[in-house]
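Peer 1: dropping a prediction and its sequence here:
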Amino acid sequence: MPTISGRLKFWLDAFRTRRVACGNGRGAPIPESKSDGYDFERLERVVSDLASAYRRQRVESVALRRELELRNQRIRALDGKLLEANQKRQDVAKRIDELIAQIDQLDSSFDSVDG
């Protein structure tokens, strides 16, 4: 099993031999250093860029979650209004049916009086 310093050397060797592309896909790859040693400044830039991208994503995530919660609240409010409107529509339809029944009853009573 490699030691911690052995694992660190492995990762640092990877930075020495490869170019690192910018994580957001908008920038150019970070060029390698011309020196033979480890490029801690380059590593620091990559980590700094990664941390900045992470912070931007967290801010965007918080904003999207807030927007989603507002939409969910609006949906719940509209669902409540829809239930209320449906109940009112049913009440009105029932009242109209009752009035039609009364009109039919009055018509039949007038017909029996006329006949």
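Peer 2: Right, received. Where do you want to start?
Peer 1: just confirm Tyr38 is within a strand.
Peer 2: No: Tyr38 is assigned coil when assessed by DSSP: H, G, I helix; E, B strand; the rest coil, not a strand.
Peer 1: distance-wise, check it relative to Leu50.
Peer 2: The gap separating Tyr38 from Leu50 is 18 Å, by Cβ to Cβ, to the nearest Å. For every residue, glycine as well, the C-beta is placed using N, CA and C.
Peer 1: same question for Arg42.
Peer 2: Relative to Leu50, Arg42 is positioned 13 Å away (Cβ to Cβ).
Peer 1: near Asp39, how many residues? Count them for me, please.
Peer 2: By the measure other Cβ atoms under 10 Å, the count of residues near Asp39 is 20.
Peer 1: do you know how far it is from Arg45?
Peer 2: Separation of Asp39 from Arg45 (Cβ to Cβ) stands at 9 Å.
Peer 1: residue ranges with poor pLDDT in this protein?
Peer 2: For the chain, the stretches with pLDDT under 70 are 1-37, 115.
Peer 1: please repeat the previous calculation with a cut-off of 90.
Peer 2: Across the chain, the ranges flagged by pLDDT under 90 are 1-42, 109-115.
Peer 1: burial of Ala51, as a residue count?
Peer 2: Look at Ala51: counted by other Cβ under 10 Å, it has 10 neighbours.
Peer 1: with that, I have no additional questions.
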